[in-house]
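Asker: Okay, predicted coordinates and the sequence, questions at the end:
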There are 2 protein chains.
Amino acid sequence: MKPLILISNDDGVDSPGLHHLAHVASEFGDVVVVAPDHNASGLGASITCLQPLRCKLVDASENVSYYACNGTPVDCVMLGKEHVCSRRPDLILSGINYGSNASINVMYSGTMGAVIQGCLDGCQSIGFSLLNHRPDADFAACTKIIQHIISQVLAHPLPIGTGLNVNIPRLPANEIKGIRVCRQAHAQWLNNHEQRIDPVGKPYWWLTGKFVCDDKDGDTDQYWLEQGYVSVVPIRPDLTDYQQLNNLNNLQL
Amino acid sequence: MKPLILISNDDGVDSPGLHHLAHVASEFGDVVVVAPDHNASGLGASITCLQPLRCKLVDASENVSYYACNGTPVDCVMLGKEHVCSRRPDLILSGINYGSNASINVMYSGTMGAVIQGCLDGCQSIGFSLLNHRPDADFAACTKIIQHIISQVLAHPLPIGTGLNVNIPRLPANEIKGIRVCRQAHAQWLNNHEQRIDPVGKPYWWLTGKFVCDDKDGDTDQYWLEQGYVSVVPIRPDLTDYQQLNNLNNLQL
């Protein structure tokens, strides 16, 4: 039986990055896309608690179906898996995201929210992001990387609960130096909101900010991306700070 | 100088749980509350990318000010820290949440999203949740626990980047057996959406689901809560699966 591949993203069902990923994935199996009907960037692993969800077929070809959902990327994965896919998916993919989800961006990313949900459901799950925010971003250099990683994961499944956060540098295919498995860099967003004054004199704020990474070790996603490599961070939706488990017992809690 | 304490939540600025936490915290310092002007449950660590944010003072007493914001809990913490607090807060608190944020609920919780943002900003950060969803939940049993944990953290700061996920069982104060530092339990939500048919015959879905925890080890938050203890999980916003870093290098990525 051909693999069944469920795909979502956070840029929305019309995103060329999503369509590129679905096209590449369709070489490996039957593809069901369930993606937000809107731009869901920054929605992280959020879920829709207070609104009913809708999901409708918007396009279908021989082995790729596209469904648009009014929910978050996590909602899309849940609904896709439970109510759209004909059986449990063999692989959950997300992206290709416009812009980096390396380092702490993984915490805010809706694209990676879909991957986190896949991990929580015990499915093989991979998120792909290209370090290019431009609407005319060229995804051609991503093709071989995505093919390689999908074929490796289908051949050698990840441990249950582990997913991959794959970030691809903004370089022509022949300038990408390789793939590196690494950890998430520690970093910060600074000055996150710019204040403006509306026409009646009241303040409002826009999200902006400056990404600052002081984590200069040679084993992080941020480091390898800057060196021209694809970064692959194995992720697991467990926030426990294991290093502190014992130390905290001294806190006399 | 008295500590400056920034507080948020996901149940919204009118939540009695939030007011209880602000009241207890005000014994320790000056309190600035910046909380969503709406129910933001399930918003995780999401951020508002595409809308301008507003934030306004809605109530103030001697040493507690309440601001309502149209953003997510993470937005509230960012805006509160950058544009509302007169200086960098000494402590960021979130809650008291109605219902458990133990186990994998930490990934979806807006209350814990605020704590994650505090950790990313390098602030001392603690989230409090009571295992009671009822609107008339009694927060009295939380008071001494919150006092104890705040005083310990102010006296012995956590490592930078580490926060606490505190869950309190639904028991009278004299039946709570103690506090246990522990790890996040692995678990799953199953059958997450219930399908219904609208008056014109089209399907829609409501979030629902059943929490299933097969992780029966004696060192998890879920275990200790079931035994009548308060669970304290040290958390860190790093999703790297460190156990798999080396194994994955064998994947020939």
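Answerer: Looks like it arrived, so ask away. Numbers count the residues shown, from 1 in each chain, chains lettered A, B, ... in the order given.
Asker: Do you have the helices of chain A handy? List them.
Answerer: Here chain A has its helices, by DSSP state H, at A:16-25, A:73-79, A:105-108, A:110-120, A:143-155, A:221-226, A:244-248.
Asker: and the longest one, what does it pack onto?
Answerer: Same thing as helix A:143-155. Contact analysis of helix A:143-155 by 3 or more CB pairs under 8 Å, 6 or more residues apart in numbering or on different chains; DSSP states H and E lists helix A:16-25, strand A:91-98, strand A:125-130, strand A:163-168, strand A:179-181 as its packing neighbours. Every C-beta, even on glycine, is put in place using the N, C-alpha and C of the backbone.
Asker: and the helix or strand bottoming out on mean pLDDT in chain A, what does it pack onto?
Answerer: Each helix and strand of chain A was given a mean pLDDT (mean pLDDT, DSSP states H and E); the minimum falls on helix A:244-248 at a mean of 87. If you count contacts as 3+ CB pairs under 8 Å, 6+ apart, helix A:244-248 packs onto strand B:230-235.
Asker: Looking at the strand it packs on now, give me its mean pLDDT.
Answerer: For strand B:230-235, mean pLDDT rounds to 98.
Asker: cool, stretch A:211-225 as well?
Answerer: For stretch A:211-225, mean pLDDT is 96.
Asker: which residues make contact with it from outside it?
Answerer: A:100, A:102-103, A:131, A:165, A:167, A:169, A:180, A:182-190, A:230-231, A:233 (CB atoms under 8 Å, 6 or more residues apart in numbering or on different chains).
Asker: 6 Å instead, please
Answerer: Here stretch A:211-225 makes contact (CB atoms under 6 Å, 6 or more residues apart in numbering or on different chains) with A:102-103, A:167, A:169, A:180, A:182-183, A:185-190, A:231, A:233.
Asker: before we move on, what about stretch A:53-62?
Answerer: In contact with stretch A:53-62 (CB under 6 Å, 6+ apart) are residues A:Y66, A:Y67, A:A68, A:C69, A:N70, A:G71, A:D75, A:L79, B:Y204, B:W205.
Asker: Repeat the analysis, applying 7 Å as the threshold.
Answerer: Stretch A:53-62 is contacted by residues A:13, A:34, A:65-71, A:75, A:79, A:84, B:193, B:204-205 when judged by CB atoms under 7 Å, 6 or more residues apart in numbering or on different chains.
Asker: Nearest to A:H23, out of the residues you listed: which one, please.
Answerer: A:H23 lies nearest to A:Y66 out of the contacts of stretch A:53-62, by CB to CB, at 11.7 Å.
Asker: give me the number of residues near that closest one?
Answerer: Using other CB atoms under 10 Å in any protein chain shown, the number of residues around A:Y66 comes to 21.
Asker: what residues does the stretch 51-200 of chain A put near chain B?
Answerer: By the rule CB under 7 Å from any CB of the partner chain, the part of the stretch 51-200 of chain A lying against chain B is A:52-54, A:78-79, A:82-83, A:104, A:106-108, A:116, A:120-121, A:149, A:152, A:156, A:159, A:161-162, A:179, A:181, A:183-184, A:186, A:188, A:191-193, A:195.
Asker: Same list, the helices and strands packed on helix A:143-155, but as CSV with mean pLDDT, distance to A:G42 and mean neighbour count please.
Answerer: Formatted as CSV, the helices and strands packed on helix A:143-155 follow (pLDDT from 0 to 100; distance: least, CB to CB, whole Å; neighbours: other CB atoms under 10 Å in any protein chain shown):
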stretch, mean pLDDT, distance to A:G42, mean neighbour count
helix A:16-25, 98, 16, 22
strand A:91-98, 98, 11, 28
strand A:125-130, 98, 13, 28
strand A:163-168, 98, 16, 28
strand A:179-181, 96, 27, 21
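Asker: quick one on the thing from earlier: please pick the buried ones from the residues of the stretch 51-200 of chain A next to chain B.
Answerer: Buried by 16 or more other CB atoms under 10 Å in any protein chain shown: A:52-54, A:78-79, A:82-83, A:104, A:106-108, A:116, A:120-121, A:149, A:152, A:161-162, A:179, A:181, A:183-184, A:186, A:188, A:192-193, out of those.
Asker: For chain A, give me the ranges with low pLDDT.
Answerer: Within chain A, the segments meeting pLDDT under 70 span A:250-252.
Asker: mind redoing it with 50?
Answerer: Scanning chain A for pLDDT under 50 picks out no residues.
Asker: residues contacting A:W205?
Answerer: A:H193, A:E194, A:Q195, B:P52, B:L53, B:L79, B:H83.
Asker: Tell me how far the nearest residue to the first one once chain neighbours are set aside lies from B:V32.
Answerer: Spatial nearest neighbour of A:H193, chain neighbours left out: A:W205 (4.0 Å); criterion: CB to CB, 6 or more residues apart in numbering or on different chains. Remark: distance between A:W205 and B:V32 (CB to CB, to the nearest Å) = 16 Å.
Asker: And A:G118, by the same measure?
Answerer: Using CB to CB, one gets 38 Å for the distance from A:G118 to B:V32.
Asker: How about A:G17?
Answerer: A:G17 sits at a distance of 40 Å from B:V32 (criterion: CB to CB).
Asker: Could you find the closest non-adjacent residue to A:I150?
Answerer: Leaving aside its chain neighbours, A:I150 sits nearest to A:F28 (5.6 Å; criterion: CB to CB, 6+ apart).
Asker: sorry, back to before: mind picking the two most distant members of the contacts of A:W205?
Answerer: Maximum pairwise distance among the contacts of A:W205 (CB to CB): 13.0 Å, between B:P52 and B:H83.
Asker: OK, contacts around A:T143?
Answerer: Each residue near A:T143 by CB under 7 Å, 6+ apart is listed here: A:V24.
Asker: quick one: it from chain B, how far?
Answerer: Using CB to the nearest CB, to the nearest Å, we find A:T143 at a distance of 16 Å from chain B.
Asker: from the chain's centre, how far out does stretch A:85-100 sit?
Answerer: Counting by CA atoms, centre = their mean, to the nearest Å, stretch A:85-100 is centred 9 Å from the centre of its parent chain.
Asker: should've said stretch A:156-172
Answerer: Stretch A:156-172 sits 9 Å away from the centroid of its parent chain (CA atoms, centre = their mean).
Asker: May I have the distance across that stretch, first residue to last?
Answerer: 28 Å (CA to CA, to the nearest Å).
Asker: Other residues contacting it?
Answerer: A:100-102, A:106, A:112, A:115, A:118-119, A:122, A:124-132, A:141-142, A:145, A:149, A:176, A:221, A:225, A:228, A:230-236, B:186, B:241, B:244, B:251.
Asker: switch the cut-off to 6 Å
Answerer: Contacting residues not belonging to stretch A:156-172 are listed as A:100, A:102, A:106, A:115, A:119, A:122, A:124-132, A:141-142, A:145, A:221, A:225, A:228, A:230-236, B:241, B:244, B:251 [CB under 6 Å, 6+ apart].
Asker: Narrow these to just the buried residues.
Answerer: When these are checked for burial by 16+ other CB under 10 Å, the buried set is A:100, A:102, A:106, A:115, A:119, A:124-132, A:141-142, A:145, A:221, A:225, A:230-236, B:241, B:244, B:251.
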